[in-house]
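Student: here is my input, please return the structure:
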Amino acid sequence: MVQPTSSEHTLRAMQQRLLRAFRADFPRPPKRLIVGFSGGSDSLALALLLKRIRSAIPTSIELVHVNHHLRSDSTEDADAATALANTLDLPLTIREIEGDVRALHPGVGIEEAARRERYLVLQAESGDDDVVVLGHHAQDQAETILLHLMRGAGLQGVAGMTRLSSIDIPWWERDEPAIALRIWRPLLAESRDELRSILSLFNLLPVEDPSNASETFRRNALRHRIVPVLRDIEPGAIDAIGRFGQIAADEDRLLTQLATEQRTQVSDGQDGLRVDRLLGLDVALRRRVVHQWLNERTGEPPSLDRVSALLTLAKSGSESSIVEMGRDRVAGIFRDVLRCGLSTTLDEFARQDAGLILPLWDESHGRSDEEINVVVRNNVVIAETIAIPQTPRGFEQISIRPVRDELIE
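Tutor: Numbering: from 1, shown residues only. The predicted structure follows:
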C-alpha cells in the first residue's frame, strides 16, 4: 500500500479546514464565490482547494483575473492564468484596466492605485448574493499587522484581516455612492510554504510577478528582509503574530461596543459631543468615541493624528481653534460641544452660538444701509458677518466671512 506523502496529508487537512470554514461562515450559502485570481501561488492554491471541495458545497466558483497593464508582459500573465484555470476546470473572466492606473488615482502609490482598480472590478463582477474570495495566508496576515504597527496603529489596525468581512467600495472619495462588498479570506491561518507545497502534487506552475521581488515596495521589503530574520530568531514568529492579531481583534470588538454605548452618554443630541462628558471617559474610550464619531461625520476612518489633535483641542477648551479633517471638513468646539462638518456650516455655528457680537457699524461714515458685526470667542474674532436692511425695521444676513487669529485688544 502506497503511503500518502506529507504534501498529500497537508492537502487533505486543508480541504477539511476550508470546508468547515465555509459551513461556519455561510449558514446561508452564497450564490457564487468570486475568486480574485492572479495566477500566483497563493490564488492558485486557493482555487485548487476550492475546486477540491466544489462537490461538497452548493455554490458555484468563478475566477476573475485583472490585467492592470502595469508591465509589458502582463498579457502573458493573463494567458498563463487562462491556462491554469482550464487545468483546474474552473471558469475564468479576464478584465482589462483601461487607462494608466497611476493617472486614475493621483496622489497615491502604484500599489494602492492598482488595489483600488482591482476591487472596483471585483465589485462589478459580484452580485448581492455573491462573495469575493482572496488567497491571503498567515504570512500575509503577519505582514499586514507589522506594517500597521510600523505606522503606529491602534487595536483596529493591528487586529489585521478577518476571515469574513465587508468593505465599502470605493473607500476613497468618488462621485458614486459606496457599495458594501463581502470578502472571504479562508486561508488566513494557513502556511504559505504548505500552500505552495500542494501545487507540486498537481504539477501546477504559478505565475511569477517580478515586481514581488522589488524591495521598493514596503511590503516586499518587510517580506524579504524582516520576516526571515524574525523566523531565525523565533521559528513560530509568524503564527505568534497572527495570534496576537486575533487577540487584538477580540479586544477591539469589546472596545468598539463600549465606545458605542458611551457615545449616547456624551452626545448633545445634535450630532455633537459634549466636551465635559467626553473628557470624563477613560482615555482609551475617549479616543475610540472620537474615532467613531469622526468616521460618521467625515465618511472615512480618521487617522490617529487627527483624533489626537481633536482630543488636545477638547482638553484646551479653546473655542477659537479648529482642526482640519480633510474633504473641506473641520472640527471645533462650539458652546462646549465638539462639532464636525463642512467649514461653511461650522462658520454658521460660530455666528449662531457666539457669546458676544461686537457691532462695527460706523454711522459717522453714512453707512446707515449696512451693518457689519464680528463674532468673538475668547477674545478672538472667529467670524465676520454683513447684514443689509431687509425691511425698515430689520436686517437680513447675507454672508459670513471666517476670520481667524485676530486678537481683540
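
Student: only C-alpha atoms for contact and neighbour calcs from this point on.
Tutor: Noted.

Student: and the protein, what are its domains?
Tutor: 6-238, 267-344, 354-407 (automatic domain parsing).

Student: out of these, which comes closest to Thr256?
Tutor: Minimum separation from Thr256 across those (CA to CA) falls at domain 267-344, 7.1 Å.

Student: now stretch 126-140: mean pLDDT?
Tutor: Mean pLDDT, stretch 126-140: 96.

Student: ok, of the domains of the chain, where does mean pLDDT dip lowest?
Tutor: Among the domains of the chain, domain 354-407 scores lowest, at a mean of 43.

Student: thinking again about what came up before, out of the domains of the chain, flag the one nearest Gln246.
Tutor: domain 6-238 (6.2 Å).

Student: run the chain-centre distance for the closest one.
Tutor: Between the centre of domain 6-238 and the centre of its chain there are 17 Å (CA atoms, centre = their mean, to the nearest Å).

Student: quick check: end-to-end length of that domain?
Tutor: 21 Å (CA to CA, to the nearest Å).

Student: which stretches in the stretch 251-400 of the chain count as strands?
Tutor: Using DSSP state E, counting those that start in this stretch, the strands found in the stretch 251-400 of the chain span residues 273-274, 322-326, 329-334, 337-342, 356-359, 371-377, 380-391, 394-407.

Student: quick one on the thing from earlier: just send the domains of the chain back as CSV, with distance to Leu254 and mean neighbour count too.
Tutor: Listed next are these as CSV, based on distance: least, CA to CA, whole Å; neighbours: other CA atoms under 10 Å:
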stretch, distance to Leu254, mean neighbour count
domain 6-238, 11, 17
domain 267-344, 11, 18
domain 354-407, 39, 15
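
Student: okay if I get the ones you listed as CSV plus distance to Gly245?
Tutor: Shown next, in CSV, are the domains of the chain (distance: least, CA to CA, whole Å):
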stretch, distance to Gly245
domain 6-238, 4
domain 267-344, 18
domain 354-407, 44
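
Student: out of these, nearest to Ala249?
Tutor: Closest of these to Ala249 is domain 6-238, at 4.5 Å (criterion: CA to CA).

Student: whichever strand or helix holds Ile238 vs strand 337-342, what angle?
Tutor: Here Ile238 sits within helix 237-266, counting by DSSP states H and E. Computed with axes from the mean of the first three to the mean of the last three CA atoms, to 10 degrees, the direction of helix 237-266 lies at 110 degrees from that of strand 337-342.

Student: apart from its neighbours in sequence, what residue is nearest Ala309?
Tutor: What sits nearest to Ala309 in space, not counting adjacent residues and going by CA to CA, 6 or more residues apart in numbering, is Val323, at 7.0 Å.

Student: right, and the one you found touches Leu310 too?
Tutor: Yes: Val323 is within contact range of Leu310, at 6.5 Å (criterion: CA atoms under 8 Å).

Student: between the two, what contacts are shared?
Tutor: Taking CA atoms under 8 Å, 6 or more residues apart in numbering as the contact rule, Val323 and Leu310 both touch Ala331, Gly332.

Student: the helix holding Ile238: how far from the chain's middle?
Tutor: Taking CA atoms, centre = their mean, one finds the center of helix 237-266 at 16 Å from the center of the full chain.

Student: which secondary structure elements does that helix contact?
Tutor: helix 138-150, helix 155-158, helix 227-233, strand 273-274, helix 275-279, helix 283-298 (3 or more CA pairs under 8 Å, 6 or more residues apart in numbering; DSSP states H and E).

Student: distance to Gly317 added to the ones you listed, as CSV?
Tutor: What follows is the helices and strands packed on helix 237-266, written out as CSV (distance: least, CA to CA, whole Å):
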stretch, distance to Gly317
helix 138-150, 31
helix 155-158, 28
helix 227-233, 46
strand 273-274, 11
helix 275-279, 8
helix 283-298, 15
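
Student: nearest to Leu205, of these?
Tutor: Smallest distance to Leu205 across those (CA to CA): 20.7 Å, for helix 138-150.

Student: follow-up on the earlier one: got the angle for the helix holding Ile238 vs helix 283-298?
Tutor: Computed by the same axes, to 10 degrees, the angle separating helix 237-266 from helix 283-298 equals 80 degrees.

Student: for helix 237-266, list every residue counted as buried.
Tutor: By neighbour count on 16 or more other CA atoms under 10 Å, the buried set for helix 237-266 is 237-239, 241-246, 248-249, 252, 255-256, 259-260, 262-263, 266.
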